[in-house]
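[1] from the sequence below, what's the structure:
(chains A and B)
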Amino acid sequence: MKTDWIPIALVPVLAVAALPLIPNTPTWVTLTVAGLAMGMMIFMMASGLTLVFGLMDVMNFAHGAFISVGAYAAASVLIAMKGDMQAASLAANLSAMAPALLAAMALAGLLGWFFERVVIRPVYGDHLKQILVTMGGLIVVEQLIHVVWGPDIIPLPRPATLTGSVLFGDAAIERYRMLAVLVGLAVFAAMWLVLGRTKLGLLIRAGVENTEMVESLGYRIRRLFVGVFVAGSALAGLGGVMWAMYQESVSAGMGMQMMVVIFIVIIIGGLGSVGGCFVGALLVGLMANYIGYVAPKLALGSNILLMVLVLLWRPRGLYPVGKA
Amino acid sequence: MPDALLALEAVNTHIGQYHILQGVSFSVPQNSLTMLLGRNGAGKTTCLRTIMGLWRASAGSVKFGEKEITRTPTPDLARLGIAYVPENMGIFAGLTVRENMLLAARGGALDDKRLEWIFGLFPAMKKFWGSLAGNLSGGQKQMLAISRAIAEPRRLLLVDEPTKGLAPAIIAAMIEAFREVKRDATLVVVEQNFHFARTLGDAVAVMDSGRIVHTGTMSALAADEAMQQRLLGLSLDAHQ
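    Numbers count the residues shown, from 1 in each chain, chains lettered A, B, ... in the order given. Got it, this is the predicted structure:
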């Protein structure tokens, strides 16, 4: 199958284009890794939403709730395992992080299952109602977080061995950012394998294009919907933990705050395209870091500018999904 | 009709506020090709979609053999052996020809012997096996849609306008392919090309304004120009 390499090439092109604007190469390296790490975390949070939109045609503004709930679930585990988190041993740190990530994905996935059954199912096919009920759901979950975990921001220090930086020449790379890049790559590779190499992935890709035809071929698309929704919610939970540890704090509003950039990423990528979401997230991460350094006052608008430029070039996103 | 594979009895279908099918009744004999004809907007596509469960009948009964299928979900109908080729062909443009075909093999793998038979009917499928379906020409897309419907043995094929927008040479190839396919399957085909209909059809049901206004043999309709004029508003001879 022929791959469209032009959008992928935009990532190194953007990085190289930024080089003359940054005063020295070590700073450029630091910003580039920071941008890639940010992009990977955004990808984790956004990938589920783009699949849900592509497959189910659902505008789920409650996706932010899964991000917040995942982060809080992990925070509870990490606070309980404070000793392992503060130990100067990578094995001890990872032994605390692994159950925290699993708890985040499990609780976010469970919440996603509940949302699909109770909130989304009655409004399939009606975008206006979807926006209203999922926005309402997001607000309800935020308030429930206040009830369960309290209204205060919870500090979430990074594991002891993942604090600080590693020097590559004169460039300082934060250890945690390297971890974020590795986790993001692992998630992308897993999704790429499932979508590209399995029958389940084939069904999901076909369902994104034409759900009716998938049903006509004998597959119960409803079960696929639920599975994708739960998996997408779990990924949002995973991304939420990674983002919370990056920010070193957890707040009920963090999910809602991320939704703007997540929507920008999935629109840039092409609604329903996981590959597009990945490229879009990296572009957004890099752009935010470069512009934040070169022209801080423009940082807030940089992602909007990127989206406008991409849509002027490809109005349906970097990798348009052909919906029937 | 005792040997009917499919029987519709007083089927009504509403789409929103519109009452499209208004008491449709007809039977499809086993091992035959039934042409469903009628003017644009007569309800032919709605009829096929209602049989396939894509739109729900609001009243009436659809029977497949002895089984009542009026409320049966679409995936279960496919598992019973009903295949559907929609008017827009329903191919997955972002998937390769191979992947499109694999989806039709619910057992997981395609049967090599059957695949060779399909390649014999549509050599283009073999040639473009690894190509994206979205890059195929209109005729090749239709060939893929038909190939996918027959990737596994089916008891009933519902095909909506298989020659729509195709070049005459492709239509001729399609006629030959349908001759082969109808040897071991029952088909209901919605068609506007009357040469295609007359060449292949065994039985015919003509629709008008959501109702069946005529059923009989295709040969009888083809031989009766007055009936063609009355039912379809034109003569079949004009379309040869």
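
[2] switch to C-alpha atoms for all contacts and neighbour counts from now on
    OK.

[3] determine the set of other helices and strands touching the host helix or strand of A:A186.
    Element membership for A:A186 (DSSP states H and E) is helix A:175-197. The contact analysis (3 or more C-alpha pairs under 8 Å, 6 or more residues apart in numbering or on different chains; DSSP states H and E) places helix A:175-197 against helix A:25-56, helix A:199-209, helix A:221-247.

[4] between it and helix A:199-209, how big is the angle?
    On the basis of axes from the mean of the first three to the mean of the last three C-alpha atoms, to 10 degrees, helix A:175-197 is oriented at 90 degrees to helix A:199-209.

[5] contact partners of helix A:175-197?
    Residues outside helix A:175-197 that contact it (C-alpha atoms under 8 Å, 6 or more residues apart in numbering or on different chains): A:33-34, A:36-38, A:40-41, A:43-44, A:158, A:162-166, A:200-202, A:204-205, A:242, A:246, A:278.

[6] please indicate which of the residues you listed are buried?
    A:33-34, A:36-38, A:40-41, A:43-44, A:158, A:162, A:201-202, A:204-205, A:242, A:246, A:278 (16 or more other C-alpha atoms under 10 Å in any protein chain shown).

[7] those: which ones sit near chain B?
    A:202, A:205 (C-alpha under 8 Å from any C-alpha of the partner chain).

[8] now B:M207. Its backbone dihedrals?
    B:M207 adopts backbone torsions of phi -110, psi 150, taken as degrees, to the nearest 10.

[9] next up, the contacts around the closest residue to it other than its chain neighbours.
    Nearest residue to B:M207 in three dimensions, chain neighbours excluded: B:G38, at 4.9 Å (C-alpha to C-alpha, 6 or more residues apart in numbering or on different chains). Contact analysis of B:G38 by C-alpha under 8 Å, 6+ apart lists B:44, B:192, B:206-208, B:231-232.

[10] go with 7 Å
    Contact analysis of B:G38 by C-alpha atoms under 7 Å, 6 or more residues apart in numbering or on different chains lists B:206-208, B:232.

[11] also B:M89?
    Here B:M89 is in contact with B:142, B:145 (criterion: C-alpha under 7 Å, 6+ apart).

[12] helix, strand or coil for it?
    Classification of B:M89 using DSSP: H, G, I helix; E, B strand; the rest coil returns coil.

[13] what residue is smack in the middle of chain B?
    With distances taken as C-alpha atoms, centre = their mean, B:V159 lies nearest the centre of chain B, 1.6 Å away.

[14] assign A:L167 to helix, strand or coil.
    Per three-state DSSP, the local secondary structure of A:L167 is strand.

[15] average model confidence for the helix holding A:A186?
    Mean pLDDT, helix A:175-197: 93.

[16] that one vs helix A:221-247, what angle?
    Between helix A:175-197 and helix A:221-247, the angle comes out at 170 degrees (the same axes, to 10 degrees).

[17] off-centre distance for helix A:175-197?
    11 Å (C-alpha atoms, centre = their mean, to the nearest Å).

[18] that helix vs helix A:25-56, what angle?
    Helix A:175-197 runs at 40 degrees relative to helix A:25-56, counting by the same axes, to 10 degrees.

[19] only the buried residues of helix A:175-197, if you could.
    Residues A:176-178, A:180-181, A:183-185, A:187-188, A:191, A:195 are the ones in helix A:175-197 that count as buried (16+ other C-alpha under 10 Å).

[20] who's in contact with whatever residue of chain B ends up closest to chain A?
    For chain B, the residue closest to chain A is B:P75, as judged by C-alpha to the nearest C-alpha, at 3.8 Å. Taking C-alpha under 7 Å, 6+ apart, we find B:P75 in contact with A:215-220.

[21] show the buried residues in these.
    Here, 16+ other C-alpha under 10 Å leaves A:215-220 buried among the contacts of B:P75.

[22] buried residues in the helix or strand of chain B with the lowest mean pLDDT?
    When the helices and strands of chain B are compared on mean pLDDT, DSSP states H and E, helix B:225-232 comes out lowest with a mean of 83. Neighbour counts over helix B:225-232 (16+ other C-alpha under 10 Å) mark B:227-228, B:231-232 as buried.

[23] any chance you could map the strands in chain B?
    With DSSP state E, the ranges of strands along chain B come out as B:4-15, B:18-29, B:33-38, B:57-64, B:67-68, B:82-85, B:156-160, B:186-190, B:203-208, B:211-217.

[24] what's the closest of those to A:I304?
    Closest to A:I304 of the strands of chain B, according to C-alpha to C-alpha: strand B:4-15, at 40.5 Å.

[25] the closest one vs strand B:156-160, what angle?
    Using the same axes, to 10 degrees: strand B:4-15 against strand B:156-160 is 40 degrees.

[26] now do A:I268 against B:Q30, distance only.
    Distance of A:I268 to B:Q30, computed by C-alpha to C-alpha, to the nearest Å: 52 Å.

[27] checking the closest residue to chain B within the stretch 151-300 of chain A next. Helix, strand or coil?
    In the stretch 151-300 of chain A, the residue that lies nearest chain B is A:G218 (3.8 Å; C-alpha to the nearest C-alpha). For A:G218, the assignment made with three-state DSSP gives coil.

[28] where does it land on pLDDT?
    Per-residue confidence (pLDDT) for A:G218: 95.

[29] repeat that for B:M1.
    Note for B:M1: predicted pLDDT of 48.

[30] OK, contacts around the nearest residue to A:I268 once chain neighbours are set aside?
    For A:I268, ignoring the flanking residues on the chain, the nearest one in space by C-alpha to C-alpha, 6+ apart is A:G317 at 4.8 Å. A:G317 makes contacts with A:267-270, A:310-311, as judged by C-alpha under 7 Å, 6+ apart.

[31] would CSV of those residues with secondary structure, pLDDT and neighbour count be doable?
    Below are the contacts of A:G317 laid out as CSV (DSSP: H, G, I helix; E, B strand; the rest coil; pLDDT from 0 to 100; neighbours: other C-alpha atoms under 10 Å in any protein chain shown):
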residue, secondary structure, pLDDT, neighbour count
A:I267, helix, 95, 25
A:I268, helix, 96, 33
A:G269, helix, 95, 31
A:G270, coil, 93, 25
A:V310, helix, 96, 19
A:L311, helix, 96, 17
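
[32] enumerate the residues of chain B near chain A.
    B:74-76, B:78-79, B:84, B:90, B:92-94, B:104, B:130-132 (C-alpha under 7 Å from any C-alpha of the partner chain).

[33] low-confidence ranges in chain B?
    For chain B, the stretches flagged by pLDDT under 70 are B:1-2, B:234-240.

[34] how near is the nearest residue to A:V208 once chain neighbours are set aside to chain B?
    Nearest residue to A:V208, sequence neighbours excluded (C-alpha to C-alpha, 6+ apart): A:L55, at 4.0 Å. Plainly put, A:L55 is 13 Å away from chain B if you go by C-alpha to the nearest C-alpha, to the nearest Å.
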